[in-house]
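A.B. asks: mind folding the following:
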Amino acid sequence: MERVRPWAALRRARGTIERLPPVHALRVAEYEREFAERLGAFRGVYESFDEAYRSAPAGRPTGYDVDGVAEQEILRSRVARVFPYDYPVLFWLRPLLAAGAVVFDIGGHVGVHFHAYGRLLEFPPGLRWVVCEMPAVVEAGRRLAAERGAGGLSFTTSTAEADGADVLLASGVLQYVEGPPLAELLAGLSEPPRHLIINKLPLTDGEPFVTLQHAGIHFPAVRVSNREAFVDSLRAVGYELVDAWEDHVHSAVIPFHPDRTVPWFSGLCLRRVDRA
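C.D. replies: Okay, the predicted model is just below:
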């Protein structure tokens, strides 16, 4: 994919750079260099994933389907830890884990939630925990599951396998999905999951937009959705909001766009409404 030089990216994001005050122009240029090296940093406001990717630092991989993502230690280390932002998920997940329950975990990496949550939750007999991920991550997850003897944990690359699940878990993933939105995925299932637990999601009360993130070895685009529109899209396909919470561990600070900064990420629990 052709990469745009940093100054060209800045012109698109900020207008013609020469029109900026000299001091401000220098700060923008300095941050462009910093962004290319600082893990977790965000940069720019864009209308689409493609536009965000065209602004990425030259020669650096974009998106999440990138060699090496499955082996990133920052992600794999989560199998042994539960973080503060996990506790609302644990609270709502615990009563839903009946015998034979099916949890469909979109973007669950190598099974990080299954392994970490199993330290605090008593998984019932017959529990099926299905992680939906990219092919390379699926293979890494299967190897780790075999090493740890993780019965009940399986992997897939198909979102269609969410059909009939009791719980759909999406933690820190929906903002990176370039394909159809969650509501559209659910509408295409013959038996959508009865419960949705969504966590670590950047939502705004303003206009939706896309930004770019430095995520280690790659630069994914990140979708920031309008809160009301996101919840309304799920109501439209048969869900009601049960609870919402704030995740103050994660935020998206976007330099030079203070009106677009997301001071905290959000969590939501929804359940399917039975319709006559």
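
A.B. asks: backbone torsions only: list them for the residue most central in space within the chain.
C.D. replies: The centroid of the chain falls nearest to residue 173 when counting by CA atoms, centre = their mean (1.8 Å). When read as degrees, to the nearest 10, the backbone of residue 173 gives phi -130, psi -40.

A.B. asks: and the pLDDT at it?
C.D. replies: According to the prediction, residue 173 has pLDDT 95.

A.B. asks: could you identify the helix or strand that succeeds the helix or strand of the chain with the lowest mean pLDDT?
C.D. replies: Across the helices and strands of the chain, mean confidence by mean pLDDT, DSSP states H and E is lowest for helix 6-14: a mean of 43. Counting by DSSP states H and E, the next helix or strand C-terminal to helix 6-14 is helix 22-35.

A.B. asks: can you give me the buried ones in that next one?
C.D. replies: 28, 31, 32, 35 (16 or more other CB atoms under 10 Å). C-beta: built from backbone N, CA, C; applies to glycine.

A.B. asks: could you do stretch 265-276 as well?
C.D. replies: Result for stretch 265-276 [16+ other CB under 10 Å]: buried residues 265, 266, 267, 268, 269, 270, 271, 272.

A.B. asks: closest one of those residues to residue 160?
C.D. replies: For these, the closest approach to residue 160 (CB to CB) belongs to residue 272, at 17.6 Å.

A.B. asks: isn't the closest one up against residue 195?
C.D. replies: Yes: if you go by CB atoms under 8 Å, residue 272 and residue 195 touch, sitting 7.3 Å apart.

A.B. asks: check what pLDDT the closest residue to residue 185 other than its chain neighbours gets.
C.D. replies: Distance criterion CB to CB, 6 or more residues apart in numbering; nearest residue to residue 185, sequence neighbours excluded, is residue 159 at 5.5 Å. If you check residue 159, the pLDDT there is 95.
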